[in-house]
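Novice: Based on what follows, work out the 3D shape:
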Amino acid sequence: MKPFAIVILILFITATSCKKQVVIPEESYTAMVEAAYQLSVDKDSLIQVEALEMYETAFTKFPDSITDYSIYEASVVASQIKTFDKAFSYLEHTAKLVEDEMGFPGWDYILGEYADEDYKNLMQDSRWLALYETALNDRKQFFERLKAEEREFFNTRKNEDTSILEAEELYHHLKTSNNYLPKKQQDYSIAFKINDTTSTSYFVHLPKSYTPSKKYTVLFYLHGAVRGNALSVFETKLNLMYDNKRYTKRADANNVILVFPKGNKDFNWMLKDDGFFMVPEIVKQLKMALNIDDNKVFVSGHSNGATGSFSYLMKQPTAFAGFYGFNTYPKVFTGGTFIKNVLSRSFINFSTDQDYYYPPNANDSLNVLMADLKADYKDHRYNGFPHWFPAFEESEPAYDILFDDVLHRKRQPFPKKSGMGV
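Specialist: Numbers count the residues shown, from 1 in each chain. Sure thing, here's the model as predicted:
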């Protein structure tokens, strides 16, 4: 199954080691399909039969709540227990989707990396071969559409002939005009070349009211778990969901552009310098397409992403106005920690006392140093929470703090206090 099913399970279900502990809930669609998924991971085929029955009960009881992803999960269970007609019935639904509720195209269920395991029992059936052929064509059209959308994203107005303008008119024109165009979409997946043989992508979420005549604030979100992530040929609106919905709703309310790069263990913002250029280079690309306020570009992240944010503060802060981190490990892994660079910028850290990955004493010692430097550095400590603090509703006030700072802070291009690398 696709990996975000595991994430959902961890966040919303307390795992049980005994099959008898599973309680069949009926109070909501979400509770029923989560319990069905919990049953489905059992290797006992009889338990998997129960899981499929629970999915089908949820579909019948809550027809207006059915999600594409739950239908996919049901198709996998049906495939595992060799209930082929039901498996194909559900699978044909997902395969026809232009995109599901998380932005994944229907063909990805057939051609994606998990299909071989999910549907190994179906692959000798003629119906699978038909779905596969259709998926190949759908994938081709999908990437043609992505390329067209990317061209539209970077398209700008042609330069106007200013040769006939008088000096005062020319000055006013240069001061007030720009070549940016309106955007046809709110969300874009943009391809990003890392080197001659390696590429990834990043996801851009625009305000609904985006207009090229206005300058916009940009907030980067750097994901964690860089060692466990893979580079991607496209990104989806899954970036806007689950924990990240706390960014999304505040960005939408305040007309902030969100950007989500995708890294891996070799190319990222933390472990090696090979990928450190990615975020500054994406800033340059965005400024070609969008009317961005040069003094309102910010970086945030969680875990490895927060450490990446801290690394940009230490090593390459010039293009950014401020930095934020949830459960930050305040360390630069390559190139040295240029601690005085903080004097020209700011960092707001959100730490927890039960963070067993990045213990609070690492932040405590840094807090003392930052106080001695009189740096614009704040550490907000939340007690009683583990490393995945952003998954808890109690993290909401932290996001309010972050966005209040984003809205009121502007970069000082020529700061009175200068760091070593600025």
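Novice: going forward, measure contacts and count neighbours with C-alpha atoms only.
Specialist: Noted.
Novice: hang on, S89 in a strand?
Specialist: No - assessed with DSSP: H, G, I helix; E, B strand; the rest coil, S89 is helix; it does not lie in a strand.
Novice: Please give the element, helix or strand, for the residue lying closest to it once chain neighbours are set aside.
Specialist: Taking CA to CA, 6 or more residues apart in numbering, and ignoring the residues beside it in sequence, S89 has S75 as its nearest neighbour in space, at 7.8 Å. With elements taken from DSSP states H and E, the one containing S75 is helix 68-80.
Novice: Check which helices and strands that helix is in contact with.
Specialist: helix 29-40, helix 45-61, helix 84-95, helix 115-118 (3 or more CA pairs under 8 Å, 6 or more residues apart in numbering; DSSP states H and E).
Novice: okay, the angle between the second one and helix 84-95?
Specialist: Relative orientation of helix 45-61 with respect to helix 84-95: 50 degrees, computed using axes from the mean of the first three to the mean of the last three CA atoms, to 10 degrees.
Novice: Follow the chain on from the helix or strand harbouring G325 and name the next helix or strand.
Specialist: Using DSSP H and E, G325 sits within strand 322-326. Towards the C-terminus, the helix or strand next in line after strand 322-326, according to DSSP H and E, is strand 347-352.
Novice: for the following helix or strand past that next one, which positions count as buried?
Specialist: Downstream of strand 347-352, the first helix or strand assigned by DSSP H and E is helix 360-373. For helix 360-373, burial by neighbour count (16 or more other CA atoms under 10 Å) applies to P360, N363, L366, N367, M370.
Novice: Which positions in stretch 213-220 come out as buried?
Specialist: Neighbour counts using 16+ other CA under 10 Å place Y216, T217, V218, L219, F220 of stretch 213-220 among the buried residues.
Novice: May I have the residues that are in contact with the second one?
Specialist: When contacts are counted by CA atoms under 8 Å, 6 or more residues apart in numbering, T217 is found next to N255, V256, I257, I292, D293, K296, V297.
Novice: and it, bridged to which residues?
Specialist: Judged by DSSP bridges, the bridge partners of T217 are V256.
Novice: From N349, how far out is it?
Specialist: Computed as CA to CA, to the nearest Å, the T217 to N349 distance reads 20 Å.
Novice: returning to what we had before: check the contacts of T217 for burial and list the buried ones.
Specialist: Listed as buried from the contacts of T217 are N255, V256, I257, I292, K296, V297; burial here means 16+ other CA under 10 Å.
Novice: Poorly predicted segments of the stretch 1-150 of the chain, please.
Specialist: With pLDDT under 70 as the threshold, the stretch 1-150 of the chain has low-confidence stretches at 3-26.
Novice: could you pull out the strands for the stretch 101-250 of the chain?
Specialist: Defined through DSSP state E, counting those that start in this stretch, the strands belonging to the stretch 101-250 of the chain, from first to last, are 187-193, 199-205, 216-222.
Novice: among the ones you listed, which is the most enclosed?
Specialist: Among those, ranked by average contacts under mean count of other CA atoms under 10 Å, first place goes to strand 216-222 (a mean of 24).
Novice: Give the rounded mean pLDDT of stretch 322-338.
Specialist: Confidence over stretch 322-338 (mean pLDDT, whole number) is 91.
Novice: how much distance is there from that stretch to the middle of the chain?
Specialist: For stretch 322-338, the distance from its own C-alpha centre to the chain's C-alpha centre is 20 Å (CA atoms, centre = their mean, to the nearest Å).
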